[in-house]
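Engineer: 3D, please:
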Amino acid sequence: MVEHFSFIQDILQHLDYFWVTVLMAVESSFIPFPSEVVVPPAAYRAANGELNIILVVLFATLGSNIGGLVNYYLARYLGRPVVYRFAGSRLGRLCLLSPEKIEQAEQYFNRNGATSTLIGRLIPAVRQLISIPAGLAGMPLGRFLLYTTLGAGAWNIVLAVLGWVIGRTVPPERFAETIQSYSSTIGLVLAGIVIVGGLAYYLLKHRKK
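Structural biologist: Got it, this is the predicted structure:
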């Protein structure tokens, strides 16, 4: 806990829009890095007047798109055999990848279609990998960017609000722990709302037909 808090404190001291973009690009690629240690501390600084909360969300979403595009293009042009081979390699394991995780992301994408790129951005463990099956499936770039922006934007708004509110109400030593617990729960709730809303729209549309 002390080491984690020290890391958060170091980020708080140096975080700006450039680093928000870079770190969120890393978080959204295949390199494991939690968004909970980027956006909430930036929102915390915004609450203290050092940054602008809207710009924090915009630059975080830009970074998410950059990282997502890295995964998308690597998967699209390298192809499934190379992607799975890399996931099973030593370097892939260091990035916390595995053929099983890639297969699970593909199955999730196949079950939910193109909208999984939006919904998957709200689900832990799927968020960083959902761009890979989109690239493997050759999803149109415009649609991929639209859904990635909407999903990542919604998630970044959640984290920004959490960072703003929790930074003002929770003792500093509990900041990181509280962000982690709340963000996971709210992300799953948002994903559930999107899924239920999409199902309701689908059923209403077919009922009218």
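Engineer: only C-alpha atoms for contact and neighbour calcs from this point on.
Structural biologist: OK.
Engineer: Can I get stretch 17-35 in CSV? Just the C-alpha atoms.
Structural biologist: Only the C-alpha atoms of stretch 17-35 are listed here, as CSV (Å, rounded to 0.1, in the frame of the first residue of the first chain):
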residue,chain,number,x,y,z
TYR,A,17,-2.0,16.8,-20.4
PHE,A,18,0.9,15.3,-22.4
TRP,A,19,1.5,12.6,-19.8
VAL,A,20,-2.2,11.9,-19.5
THR,A,21,-2.2,11.2,-23.3
VAL,A,22,0.9,9.1,-23.3
LEU,A,23,0.0,7.0,-20.3
MET,A,24,-3.5,6.4,-21.5
ALA,A,25,-2.1,5.3,-24.9
VAL,A,26,0.1,2.8,-23.1
GLU,A,27,-2.9,1.7,-21.0
SER,A,28,-5.0,1.1,-24.1
SER,A,29,-2.3,-0.9,-25.9
PHE,A,30,-1.2,-4.4,-25.1
ILE,A,31,1.2,-3.1,-22.4
PRO,A,32,-0.4,-3.6,-18.9
PHE,A,33,-0.9,-0.2,-17.2
PRO,A,34,-4.0,0.7,-15.1
SER,A,35,-6.0,3.8,-16.1
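Engineer: any idea of the mean pLDDT for that stretch?
Structural biologist: The pLDDT scores in stretch 17-35 average 83.
Engineer: hmm, who's touching that stretch?
Structural biologist: Applying CA atoms under 8 Å, 6 or more residues apart in numbering, the contact partners of stretch 17-35 are 38-39, 42, 55-56, 59-68, 70-71, 95-97, 127-129.
Engineer: Helix or strand for residue 49, just tell me which one.
Structural biologist: Using DSSP states H and E, residue 49 falls within no helix or strand.
Engineer: returning to what we had before: for ChimeraX, what selects the buried ones among the contacts of stretch 17-35?
Structural biologist: In ChimeraX syntax, the buried subset of these is picked out as below (16 or more other CA atoms under 10 Å):
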select :38,39,42,56,59,60,61,62,63,64,65,66,67,68,70,71,97,127,128,129
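Engineer: all helices of this structure, in order?
Structural biologist: For the chain, helices defined by DSSP state H occupy the ranges 2-14, 17-28, 39-47, 53-78, 80-87, 90-94, 99-112, 116-119, 131-136, 141-169, 175-208.
Engineer: Contacts for the third one, please.
Structural biologist: Helix 39-47 is contacted by residues 8, 11-12, 15-16, 20, 51-53, 56-57, 60, 156, 159-164, 167, 179 when judged by CA under 8 Å, 6+ apart.
Engineer: again, 7 Å this time
Structural biologist: 12, 15, 51-53, 56, 156, 159-160, 162-164, 167 (CA atoms under 7 Å, 6 or more residues apart in numbering).
Engineer: Compare the helices of the chain and say which comes out lowest on pLDDT.
Structural biologist: helix 2-14 - the lowest mean pLDDT of those, at a mean of 57.
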